[in-house]
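Chemist: predicted structure and sequence below. I'll ask about it afterward.
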Amino acid sequence: MQILRRNLTAYGFLCAALACFTVFAWYPMVREFILSFQKTDLINEPIWVGLDNFKTAFLDPAFGEAWLNTLEFTLLALLCGYAVPFVVALVLNELRHARAYLRFVVYLPVMLPPIVAVLLFRWFYDPGPGLFNQALDFFGLPPLAWLDSSSTALISLVIVSTWMNMGSATLIYLAALQNIPPELYEAAELDGAGIFKRIRHVTIPQTRLILLLMLMLQIVATMQVFIEPYMLTGGGPENSTVTVAYLMFQNAFTLQDYGSAGALGMMLMIVLLVFAAFQLRLTREDKA
Amino acid sequence: MISVGARATTGGKRGRKRSPKPIEVQFRTIVSPHQLNSRWGRRIYWLVLATVLVVFTAAFVFPLYWMVTGALKTPEELAQMPPTLVPADPTPDAFFEAWDLFDIGTLLANTAYYSLGGWIVCMAVDVSAAYALSKLRPMFGNVILGMMLATLMIPAMVILIPLYVTVVDLGLLNNPWALWLPAAANGFNIFLLKRFFDSIPRELIEAAQIDGAGAVRILRSVVLPISRPILGVVSIFTIVTSFKDFVWPLLVMTDSDRMTISVGLSQTAGAVTQNQVMGGLLITSIPMIIVFFIFQRHIMAGLTAGSIKG
Amino acid sequence: MQRSTGLLLVTVLGLAASACGSGGEPATPNASGGAKAVTITVACQPAKSAPKERQAWDDDVATFMKEHPGVTVKSTDQQPCFDPKTFGPKLAGGQMETAFVVPVTNYNDVISKGQALDITQYTGSIKNWNDLRADHKELVTKDGKVFGVPNVHYSVGLVYNRALFTKAGLDPNTPPTTWAEVREAAKKIAALGQGYVGYGEYSGGNTGGWHFTQAIYGRGGDILTPDNKKAAFNSPEGKAVLQNLHDMRWVDNSMGSKLLVGWESLMVAMGSGKVGMMLGAPDVVTDVVNKFKGNVADYGITGFPEAKASLSGGEAFMINPKATPEEAKAALEWIDFRFNTVGKGRFDFARGKSIGNPVGVPDNAVFGDSPTGQAIQADRVKNASLPVTNYESYVQAAGTIPPKAEPLHAQELYAILDVAMSGVLSRKDASVDQLLADAETKANSMLAAKG
């Protein structure tokens, strides 16, 4: 009797969350699956079409480019967004002055709405009076085309993305670094290890878990890149910045082909789930 | 568990560097105090510090400076090459123009309404769920928690389209609930809250039960007061996230009277002059910068709580 | 099935919400007494950033409601009026206006998906229906059924900045008539100094492909083969379009260095008064002046250089397929009142002149040369706020060049052609042949997939 009452109370407290999750999290997961096998335009009744949506997605003229660009973006973003914050955190951790200021400043862009960062950089990238080319000119360097050339557009997007996101990674690493017991460094020093050896044998092993976690999180996050190409390049020039997420959005909302967008989504999800599974295994291994 | 600041606040009080005053070392890092305070160690230290300060300021503060001064310049001055470092004749006109053109008053009010409303809904839903899972321990509680956490594995962009289709089916377009309810389905919040509630000693709850308090009473007068730190962190992140959100409001709040500030800016930015865009961006940034100033500690603490995600 | 799942979800959610005591917004049924009371929503109210235009619209709404008791008109001011991104969802979610605007590019899509009401039975009551251009009415008709009221019609010409022509030592009264002359003029304008662009062109956001289509039609080329099965743009005409752009961009350096993505980008540039020429219809002049702060007297328009055909552009009003007959009737009356009456609503040129509109621009030929069209033109000339001679050469050309409709699957094709346009405009070493061949392959496989 008491158990029943406790359960009833508990489910009373849970009902709102269960409803929200059912409708807005669990059901859409199922719906995604259904969507990718149906022809849906939101007006007429959906029709089952088997694998047609996947075929349409495959035959999309930008399909291959989108995947290559997404991969390239992810790799570049990892170089900038993963390695740089770690090095920055290492240096920040050594500094004894202006720490509050530096931490504040590096996190500031993270607080700004992404649209602010993106529109700000759109102006910086302007090939004429934009800040970047004017700065290059100031140092006597030739101007770059930034967003306006297929060879530099993608990296330009990576720069924006890094600028607005690196703050959180940096602070997370910083926190991890501060949790390393000082004795380990002292012991290493007594063993005659130099600075780089200390980093290799103390710092990195001690922060391994968080490094791995961040690697995976970052891959999953950057593979979904959307707002940068959407606002800055519209996928151009010459499709050099079409990403999978962007293509998905275009299919769904410009062409009203929710099915092939769903199919693309399924493919993206499978790729990302493989990464996530990998992440889970690594962290499990580490905890064990 | 969620405190960063503790060891990190060593001052920036040192002004003079004439007499070789030793660099204060409160905690041990990679470079040993001894090395640091050697003749070369000090030189390198100051050099690195200066470089980092310059680079950081250039990379993270200067763009914002450029945004502010850009808004204060006239369009003609903005087009000038090379650009002026300081506005020749600063005028706040662009702010007022931006305010009118973007209809920032409406957009900000909308965004504030969505953020605060979303916060209330989210807290009500997630706190009660976490409380139930942590303290009332219903049957299948772990299964439910597991399923909630599983949603974190699904990439946001992938779920976007089916979620959108669902919202269209429900007829929730241009209705704030389309923002609030999906935001409340946040497995990570529930996980964080539940973990904190788990750490509340049983005795406290049992004592209250003996006093005859019901579940609601216990939540209100025992659990919530103790949980203020985690509630603060979750609250701030919920509000900031919804303020910053772009893609989802772009899809579901399409009426120009109901758009959020991010969406409104993106729609109009192509049609107005650059100084007006910058004015609009600055006005948009100010609320978040203020929030950051006030809640810096909470935010940074929350970040490390977030890093244990997964 | 889909609908019932939705309903089920609503019920679940509703139950949960009420059980948990978090009150939702009550649905307010429109409790309008009397059988005649009807509420319609209409699209395209001018944005708040154009206060005078908006006021004129609001005045019209008030007048209309006074003349039609029982009808309540609500306006929406989404910009642009037609947004493909939100169109389907708005319709599905019951948010679509009773009367909405569709650009000619999307007619096929909207009609074939059943997203517009069959209004054949009402056409008799539409004022001046018979005077609307027959070729445009054809575009909104499918299988003998009429799905829209043509609202705007134009053909493409060359919009140019008269002030810049004068400044560059060119005669604004004899604008270029050949591509060679365009190139020469562009060179002179770009030579005016930093920031000046002789000729502006799009390269992304589907506008690149759209302008490529305008250009290739003008040269007598085509996008698709007559049976719509294969791409036809990898042709001498297509090559000439791209080669010309490439040379202007990289040999003459007269096109600026910034890629223009999306409709607004070139309009802003044009409005800033530093762009000499662009392809466009007279509505470009109206928009540049009304929305992008261009100086009205500066802009002229002339016929498309060496034109053999001209891409038809325009838009039509369509009616929400879920509208009741009363709503549909009221909406059509509104369209009549605001858009189809000589001297009223948008054709109230006297008012337009008083609020600073560029009256005199022949920005709408939807009534063609019919009596209504002539009456409108006479009224326009009478109230012109600028020298109508600035547009004379365009009007003459537009009368003689045959119009040509957009290709099937226009949006998909435009996305493909964007790549070629951005190619020549962003890479000096771009190979025109290669770009067109790639685009052709992509277009053919797209067409094959669409069947």
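Modeler: Looks like it came in fine.
Chemist: where in the chain is pLDDT low?
Modeler: Let's take chain A. Across chain A, the ranges flagged by pLDDT under 70 are A:285-288.
Chemist: can you look at chain C instead?
Modeler: Using pLDDT under 70, the flagged stretches of chain C are C:1-36, C:84-85, C:93, C:451.
Chemist: all strands of it, in order?
Modeler: C:38-42, C:71-75, C:99-103, C:141-142, C:145-146, C:149-155, C:157-161, C:197-199, C:275-280, C:299-302, C:310-319, C:403-404 (DSSP state E).
Chemist: please name every helix or strand in contact with the first one.
Modeler: This means strand C:38-42. Judged by 3 or more Cβ pairs under 8 Å, 6 or more residues apart in numbering or on different chains; DSSP states H and E, the packing partners of strand C:38-42 are strand C:71-75, strand C:99-103, helix C:325-339. For the C-beta atoms, the positions are set from N, CA and C on the backbone; glycine is no exception.
Chemist: relative to chain B, which of these is closest?
Modeler: strand C:71-75 (11.0 Å; Cβ to the nearest Cβ).
Chemist: tell me the strands beside that closest one, with direction?
Modeler: strand C:38-42 (parallel) (DSSP bridges).
Chemist: out of the helices and strands packed on strand C:38-42, indicate the one that is most buried.
Modeler: Among the helices and strands packed on strand C:38-42, strand C:99-103 has the highest mean neighbour count (mean count of other Cβ atoms under 10 Å in any protein chain shown), at a mean of 24.
Chemist: who touches that one?
Modeler: C:40-44, C:81-82, C:110, C:116, C:148, C:151, C:313-320, C:331-332, C:334-335 (Cβ atoms under 8 Å, 6 or more residues apart in numbering or on different chains).
Chemist: go on, stretch B:42-52?
Modeler: In contact with stretch B:42-52 (Cβ under 8 Å, 6+ apart) are residues A:Val91, A:Leu92, A:Glu94, A:Leu95, A:Arg96, A:His97, A:Ala98, A:Leu102, B:Lys17, B:Pro20, B:Ile23, B:Leu36.
Chemist: can you narrow those down to the ones near chain C?
Modeler: Among those, none lies close to chain C by the criterion of Cβ under 8 Å from any Cβ of the partner chain.
Chemist: kindly reformat those as CSV containing neighbour count.
Modeler: CSV is the format used below for the contacts of stretch B:42-52 (neighbours: other Cβ atoms under 10 Å in any protein chain shown):
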residue, neighbour count
A:Val91, 14
A:Leu92, 22
A:Glu94, 17
A:Leu95, 18
A:Arg96, 18
A:His97, 19
A:Ala98, 19
A:Leu102, 23
B:Lys17, 10
B:Pro20, 9
B:Ile23, 19
B:Leu36, 18
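Chemist: which among the helices and strands packed on strand C:38-42 is found nearest to A:Lys55?
Modeler: strand C:99-103 (29.3 Å; Cβ to Cβ).
Chemist: let me know whether A:Val244 touches A:Met266 as I believe.
Modeler: No: at 11.3 Å, A:Val244 does not count as touching A:Met266 under the criterion of Cβ atoms under 8 Å.
Chemist: these two touch, right, C:Leu425 and C:Tyr199?
Modeler: No: look at C:Leu425 against C:Tyr199 with Cβ under 8 Å: they stay out of range, at 11.0 Å.
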